[in-house]
Each structure stands twice: as structure tokens, then as C-alpha cells.
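*Asks:* Below is the sequence, then the predicted model.
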Amino acid sequence: MTALLSLLIVLPLLNEPVQQDLEQIEQFSVQMNGEWLAVESSNDEAVALLVNPFNVRKRGKYYGSVYEYHRNDNFDARNFFDPVGEPLPEFKRNQFGFSIGGLISSKLKVFGSYDGLRIIKGSTIVSMVPTPAMKLGDFSATGQRQLTDPFTGEPFAGNRIPQERIHPVSARLLSLFPDPTRDDPMRNYANNHPVVNNNNSISSRLDYEISPQTKIFGNYSMNYGNQELVSSLPAFGTTMEEKNQDLSINLTHSFSSNRILNLEANFERTTSLQLSQHAFREGLVSSLGIDGIAALDAMDEGYPQFDIMGYANLGFGFGGFFAEGFAAGSPENFCENEYGFSGNYTYVRGSHTIVAGGELQLTQLNNMRTGGSRRGEFGFSGFFTGDAFADFLLGIPYTAKRGIGSDRSDLRQRTWRVFVKDDWKINSNLTLSAELAYSYSPFYSSPRNRVSFFYPLRTDPPLDGEFVITGGSRAREMGLDLAPGQAAYPDRNDWQPSFGLAYSPLGNNRLVMRASYRIQHGFMNPIQGLIYIGRNYPFFYLEKAESPTIPSLDLSNPFASATPAALTLQAADPYLRNPFMQLWNAGLQYEVWRSWTLELSYRGEKTSRMFRTVPANVPKPAPFGTPIQPRRPNPSYGQFDILTSGGSLSSNALDVQVRRRLTGAFSLQGGFVWMKGMSDVWGWAFVNPNNPGNLAAERSLWGFGPPMRFNLNYILDVPVGRGKLLSTRWAGKLNAILEGWRISGITTIMSGFPFNPEIFGDPNNDGVWGDRPDRIGPGTLPQSRRSIDKWFDTSAFVMPDYGANQQWYGNAGRNILMTPGTTNWDISLLKSTRVSGDGNMLEFRVQLFNAFNNVNFQQPGGFLGTPTFGVISNTDNAREIEIAVKYSF
């Protein structure tokens, strides 16, 4: 488990590294030390291994290459959920480019490359949509329970809602639901609309030798891409444009053979814009007839979000959260500038190698927007009629939310770090290392002074206070002495010592023992900075209306037909501290025979002060129908979401690795990792606990890594041809055909990820979502009884008997179920042919991703009471085949 990434899970749009051109890489190594980053993705070429590229270092006057990698749906296997008898979803992938470099003079070397990527990939997003009859109010053929008229308490005759009762706002939206395309009643619609991805990258490098002692090199990379993303329904795609630039200059000077100075300066700039496909359709929001919502500007135009329990949602999601497909909230916009300066000085004296250095990083985040819900967000639970879509037809949401104000934020951060390290080679068998570092990373601040607090900020009653702007006179009067725009007091205790040793007890390096211990600190990421610093009253805030048991909200005017919940609050604790990680490991490496080595290691981690959100101003649970707002500790305000440093994580892992170096045309690297992590942090900082008053009950399996994982990668040069094991006497073209073949591959087999069942909505009426059900059985099923329609024992989870014996929370723990595991084989066949001329090579490659077409199912539905509870609706990619040609000179 990569500790820092465990703490700082960032959306891919932020801090995304510039994509490196293929031609900038001469070779790579696959690191299999048991550390992984587990994120849910489409698994397009994903092998979940750490690949370390090594930049080109070729010699010769001039050199370069031209290449093309191609895939299309004619080569691919059918996805498990693709309709049988119909053409496969469209898929075209072309990656092409060229590179050229060489020695301009004895002291100057240049290199440049271009890489282009064009993808059209049909998706297979399976969901449930209403039938044509249901859109007319006719539920008689659905087999659903009897619908009830919520205004009379009587059943609808024939399970039909009269068409004149269909709400006019809902009627305007019905055309956005496509008709079913599949016979499966729980997965009756598949959206195969293609995802489009166009990307262009250029890279350049210049190396210059000023003198034998002084060398300088510079890099410039630019990556520009635009994408068309899809959601569950075809009417809700988004477009995304991103541009990443990276400029760096490095200077190395050798004062002597044992004294070296290295200096580096770099600048990175990332811009991103994500828009609804309906952006700039002026008047779209107002044409729906929902009072109280409006787009902030033309970029913000689009449909509201309609969450309909058990059905495909209308809308895109908000705040950067991914909806059922790929498309996320819109608009999203930001510009990030990073200025970095670093240097280190290496001094070798006797058995000591001493390195001292430091780095400074300045970060600007400008014009950040994350879809602030100004268009509105409405939830339909099915409580009123017995079916969520029937509630939608009648226009009676149980919750409505809207954003007020401008969600734009500008943030700044300045961090620095200094360190000194000593590697002490005591003798040929023993080396000790020690390092002491200090980092200073204050939290993001607002240059526009758009930071406000509810002060005093507490998680427990009494919650009496008021909103104040940091740096203002009222804030200082109340004892909050933060500077204008400052969000939290800085953490000045980020000392980071580390110790390590390597010992060869046999004196011949066949057996090596290694151990280390270090302290590391995590830092706030931009998403947390944006949400918890720049989005509070009076600048931007959310207003929410709720009526979970009485149909008092009307979709035409949802914020006037019920008493709106008071202002909500999202803030960081002003005394927030950076996460504190302790990492230790011990291992043995033994050369078993010649080029074969065996490694056995143990790794441990204990992290304190992890960022997590604590809901506050939460009322005690109460029966349905009891108003929420008057029961809050401070009824003048709504829910508080406070970012605190109260989370923790502990993990232990056993790692077994077998390696064979590339000798005799064969190399192999395989490993097995068993890991168990326990944490009381529930992933994204905005996910609610089951019981806000008992956060200790959230401690459970860490949900961002599989407990068991096996990895294998291998290379085999077929030993046929001149000078090989199976030498041939044939000459000319026949020998050229027989020699130069290589087989390689990467295999990944891993267990599933932990997850837990939930209850949609707020059944215990405390104003906080995220409730879990009661668990009356194990919940898991034997392998022989699992199916895509019932992956786990759904009968083991029931609605709690709220109020009985003062029980208001379900007893099901967090992360008690497991998703399906994954088995993936990626195999490559390469043919290299020498072409006339020195160093000229023609390569032909066939690559199979998921070569044996294993069906890797994704997480089943986890909401109790919905038709998809326990049902699996999606898989990772089926087999894809890629053909590539490359000419190097």
C-alpha cells in the first residue's frame, strides 16, 4: 500500500502528470514490491503495477523512430453484457508518432518526439430505465408492488397513474429516458455511446556539456487532450479539454570526484475544462419550470441532477463525483501553476556518502469550479408511492438542494523541505543509512480572502456561534486570529527521520538482510482545499429542503413548498494537522542459484491524523415525519461537514518475490502479497459514517487495496537464429524470419475489494445519509451459489426496526463484503528484424490485453431495497488485440 496515496486520493483532473511520449522511453522496469494504487477504472491496459521508465540514452550521430499502434473492435472479444447477435460497440484506437535526435556537436545533444492518440471506444454501461408504459404512468406489467396515491392513501387503480397526474416538469424530462434495449428487467438498457479521446504530446530534451565538470540539460513537454465522456444515459455526456506543460532545467557540477552539486528548476502548468454537452444552451435551466434554480453563466447551462433510486439517474452528478458512467459534474474548470526549485550537494568522504539539499514549491490554483449544484439536485426514494420513478412522475422529491453564490475559488500554497542524509558503509557486509528531513506545508489559503468559519467550530454541542470571515475584525474579537484568507493554523512539527540498514551475513552478497523505519507526512490535496476552504457562506453555500415522509415538496417550486433546511457548512478544523505516517519493513534477499533470487519481506504502516469528515449539528434519530431542523443542536443552521485530523490507518503486509535476471534469453519476476489494513476513514473525505456519534464503529478493512495479489511478468527471447541455442544454418531471408522473436507478458490475479451494503436515503431521520442495514446472517455466499443476479446473500440484510429498544442504527459493519476478484493476462509477441544499415531495426508486435478473455465483474449493487441490490451490471474490458509496427534508425 502506498502510504501517501492512501491518504491523498485525488481526482485524475488535478496534479495529473504530463503524459510521457513512448519514444522518450528506451526501456522500463516493472516494480513488484507489493505497493499498488487501487482505483476503479475501465482497466484499459491497466495492469496495476508500477512501471518505471528510463529515458532514451542512445549514442550515434542521429537516431529516431516511427511507430503506429492500432486496435479496433474487429479484433476484440464481446463484453459479457454486450447484446448477443448485435455488432460490438465501436472501438478504434490509434497511437502513432515519431522521434528524432542526435549529436549536434561533441557537447550538444538534442532529442524531440511527437505522440498522437485517437480513441473511439463504445461503452457498455448497463442500467435500468422505465418502460414506455411506465413513462405513461402504467406500472401494471412491471410486477412491482401496488402503487399508493400519497395524497389520498388509496392504491392507484390497476397500478396506473392517470396521465393528467404526471407533473409538467417530469413530462418535459421523460424524453431523456431512452426505451429499454435488453430483456433483462433489472438491466434493461445498455448505453454503447462511444467515449472519444484525442491526445497530442510533444517532448524535447537538450543536453549540453559546458565543461567536463559542468553539464546542463533541459526538458519541455506539452500534452493536449480533449475527450467526450459518457454517462448511463446518452443525453448526459460531457466534454473535457486538458492541457499540461512541463519545463525543467537541471545543472550538475562536479567540484571533484567526491563533491557534486545538482540544481533544478521546473514549471508545470495544467488547465482543464469540463462541460455538459448542453453548455451554452441559453435558457435551458429556466425552460424546465423549476423555480429557485438558475445557471451561474452560459458554461453552467445543463440539466439538474435527478437521483431516482434503482433507476438510471438524469444528470451528471456534481462536485467532481462520477455518475453511473464516466461523466462527472460540470462545469469543472481550473488552472494550476507549480513553480519548483530544488538542489542537493553530495559529499563522499571515506565510508560516508553525505547528501544535503532542499526544495521549494509554489502552487497557484486559479478559477477552480466544480459544478456547484446551482442547477439543483433532487432525490426520489419511492417512499411516497412505493416506486421511485412513480414519485418522479408525480413530481414529489423527498429532498431538494441548490447552490447559491459563485463556486469559483482561487487557492495558494507554498511548501518547502530540507534534508540531510548519510549512507555509512561500515564494512563490505554492513551499510547503515540515516536521514533527517523537515518540511513545512501550510494549508491552502485564498488570495481573495474567501474563507469563512462558523466559530467556535465544534463537532459536539453546544454549537452556538456565527459565521465570520478569517482576518476580519469580528473573527479577531472572537479569538480566531487567522490571517485574511488563511484556513488553518500551520503545522510546524513535520520532522521526518528515517533509518535503514543492509547486512550481508555470509560476506558474499548471496544473502542480504534489509530493514528500515521512517516517518512521513501527508498534505492536503487541492480537492480538499477547494471544498473545505473556498465554499462557505456568504461566498457560496448549499440550501437544502427535505420532506422524507410527507409529500410536501413540489418539483415546480421545491424550495418554497417546505421549510428549507438552514445553511450548511463545509470547513476545515483551524487546528488541522498533517497526517503522520510511520512506515517500517524488514526482509531477506537470497540468491538461490545463479541468476535466481528469492525475497521475503514484511511491511508495516501506522498512520495517525488522517483527514476525514465529521458530520456535526446532527439531530438524534427520530421516527419518520418528525421534522429534522428543529431537532438540530443549533436549529438556525443545517449540517456541518468538518474536515478533521481524527482518522487512522494500520496495515501489515507479507511480500514474497521470485526474480530471474535476463540471462540466457529469459527473465521472470513473480510475487505474492498478502495485506490487511484497518482504518476508520471511509475513503473520500465527504462520505458519511453510519453513526456520526460513534466513529469508532467505522474501523474496518481498508477499502482501497485487495487483501491478496499475485503478479507475474516474464520475457522469453525465442532461442532460434544465428548464435542462439537453436542455431540455424539457413542464410538470408529464411534466417531473418526465424530469428528475433520475443514473448513477454504480465499476469495479475487479485482478490476483490471490500465494500458494504447501504440504505438509500435517510431512514433513521437524522439528516445524514450513509445508513447501513441490520445484518442477520453472514451475508456471503459459497462460490457455487454466487451469480451475477445474487453475488451475496441479500436476505442477510434487512431494514432496522427503527426505534425498537432505542435502536436507530443498523448493526452491519463497514466493508464486510467483497467484490469479485480479477484475473488478467496481457501477452505480447514481438518480431525484430535487422534492416540494412547500422542499428536500423523493424519491429512488429501483437499484444493481447486480457488475452484469455477472463470475465472480471465489477462491484454489485449495494443499496438495500433497490432492484439492483446484490446484482452485478458491469465488467472490466473483454479481450483487446493491438497490432504495432515500429521502425528505429
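*Replies:* Arrived safely, thanks for sending.

*Asks:* give the contact list for Arg414.
*Replies:* By CB atoms under 8 Å, 6 or more residues apart in numbering, the contact set of Arg414 is Leu360, Gln361, Leu362, Thr363, Pro442. C-beta: built from backbone N, CA, C; applies to glycine.

*Asks:* wait, doesn't the last one sit right on Leu411?
*Replies:* No: here Pro442 lies out of contact with Leu411, judged by CB atoms under 8 Å, at a distance of 11.6 Å.

*Asks:* out of those two, which sits in the busier spot?
*Replies:* Leu411 (27 against 19; other CB atoms under 10 Å).

*Asks:* Please enumerate the helices of the stretch 401-550 of the chain.
*Replies:* 473-477, 526-533 (DSSP state H, counting those that start in this stretch).

*Asks:* Strands of the stretch 301-450 of the chain, start to end?
*Replies:* Assigned strands in the stretch 301-450 of the chain, in chain order: 305-308, 332-349, 352-370, 377-380, 399-405, 409-425, 430-440 (criterion: DSSP state E, counting those that start in this stretch).

*Asks:* What residues does the closest residue to Pro497 other than its chain neighbours make contact with?
*Replies:* Distances taken as CB to CB, 6 or more residues apart in numbering place Leu436 nearest to Pro497, at 5.2 Å, with adjacent residues excluded. Residues in contact with Leu436 (CB under 8 Å, 6+ apart) are Phe419, Val420, Lys421, Trp495, Gln496, Pro497, Ser498.

*Asks:* go on, Pro331?
*Replies:* Contacts of Pro331 by CB under 8 Å, 6+ apart are Leu273, Gln274, Leu275, Ser276, Ala279, Met299, Asp300, Arg369, Gly371.

*Asks:* Go through the helix or strand containing the second one and flag the buried ones.
*Replies:* Under the assignment given by DSSP states H and E, the secondary-structure element containing Gln274 is strand 259-276. Of the residues in strand 259-276, those with enough neighbours to count as buried (16 or more other CB atoms under 10 Å) are 260-266, 268-276.

*Asks:* what angle do it and strand 332-349 make?
*Replies:* Relative orientation of strand 259-276 and strand 332-349, computed by axes from the mean of the first three to the mean of the last three CA atoms, to 10 degrees: 170 degrees.

*Asks:* tell me what the one helix or strand Tyr220 maps to is packed against?
*Replies:* Using DSSP H and E, Tyr220 sits within strand 214-229. Packing partners of strand 214-229 (3 or more CB pairs under 8 Å, 6 or more residues apart in numbering; DSSP states H and E): strand 194-211, strand 238-256.

*Asks:* Can you point out the buried residues in that strand?
*Replies:* Here strand 214-229 shows Lys215, Phe217, Gly218, Asn219, Tyr220, Ser221, Met222, Asn223, Gly225, Gln227, Glu228, Leu229 as buried, counting by 16+ other CB under 10 Å.

*Asks:* gap between it and the chain center?
*Replies:* Counting by CA atoms, centre = their mean, to the nearest Å, strand 214-229 is centred 22 Å from the centre of its parent chain.

*Asks:* how about the CA coordinates for that strand, as PDB?
*Replies:* The C-alpha coordinates for strand 214-229 follow below in PDB (Å, rounded to 0.1, in the frame of the first residue of the first chain):
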ATOM      1  CA  THR A 214      29.600  21.100 -15.600                       C
ATOM      2  CA  LYS A 215      26.600  19.700 -17.500                       C
ATOM      3  CA  ILE A 216      23.200  21.100 -18.100                       C
ATOM      4  CA  PHE A 217      20.000  19.700 -19.600                       C
ATOM      5  CA  GLY A 218      16.500  21.000 -20.200                       C
ATOM      6  CA  ASN A 219      13.200  19.300 -20.900                       C
ATOM      7  CA  TYR A 220      10.000  20.700 -22.300                       C
ATOM      8  CA  SER A 221       6.800  18.600 -22.600                       C
ATOM      9  CA  MET A 222       3.300  19.600 -23.700                       C
ATOM     10  CA  ASN A 223       0.200  17.400 -23.700                       C
ATOM     11  CA  TYR A 224      -3.100  18.500 -25.000                       C
ATOM     12  CA  GLY A 225      -6.200  16.300 -25.000                       C
ATOM     13  CA  ASN A 226      -9.900  16.500 -25.400                       C
ATOM     14  CA  GLN A 227     -12.400  13.900 -24.500                       C
ATOM     15  CA  GLU A 228     -16.100  13.200 -24.900                       C
ATOM     16  CA  LEU A 229     -17.300  11.200 -21.900                       C
END
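
*Asks:* mind listing what that strand pairs with, with the direction of each?
*Replies:* strand 194-211 (antiparallel), strand 238-256 (antiparallel) (DSSP bridges).

*Asks:* does Ser99 have beta-bridge partners, and which?
*Replies:* Beta-bridge partners, per DSSP bridges, of Ser99: Ser65, Ser113.

*Asks:* List the residues that contact Lys831.
*Replies:* Contacts of Lys831 by CB under 8 Å, 6+ apart are Gly740, Trp741, Arg742, Glu843, Phe844, Arg845.

*Asks:* which one of those has the most neighbours?
*Replies:* Gly740 (21 neighbours).

*Asks:* Pass me the low-pLDDT residue ranges in the stretch 301-450 of the chain, would you?
*Replies:* Within the stretch 301-450 of the chain, the stretches with pLDDT under 70 are 316-329, 371-372.

*Asks:* follow-up on the earlier one: out of the strands of the stretch 301-450 of the chain, which gets nearest to Ser828?
*Replies:* strand 332-349 (35.7 Å; CB to CB).

*Asks:* The closest one pairs with which strands, and in what direction?
*Replies:* Partners of strand 332-349 in its sheet, by DSSP bridges: strand 259-276 (antiparallel), strand 352-370 (antiparallel).

*Asks:* quick check, distance from that strand to the centre of its chain.
*Replies:* With CA atoms, centre = their mean as the basis, the mean position of strand 332-349 lies at 24 Å from the chain mean.

*Asks:* List the contacts of Glu751.
*Replies:* Not Glu; residue 751 is Ser. Ser751 touches Pro706, Pro707, Met708, Arg709, Met818, Gly821, counting by CB under 8 Å, 6+ apart.

*Asks:* Bridged to the third one, which residues?
*Replies:* In other words, Met708. So, taking DSSP bridges as the rule, Met708 has Trp674 as bridge partners.

*Asks:* Just the pLDDT for it.
*Replies:* According to the prediction, Met708 has pLDDT 96.

*Asks:* What separation do you get for it and Ser751?
*Replies:* Per CB to CB, to the nearest Å, Met708 is found 4 Å from Ser751.

*Asks:* Can you check which residues contact both of these two?
*Replies:* With CB under 8 Å, 6+ apart, Met708 and Ser751 have no common neighbours.

*Asks:* number of nearby residues for Gln806?
*Replies:* By other CB under 10 Å, neighbour count at Gln806 equals 6.
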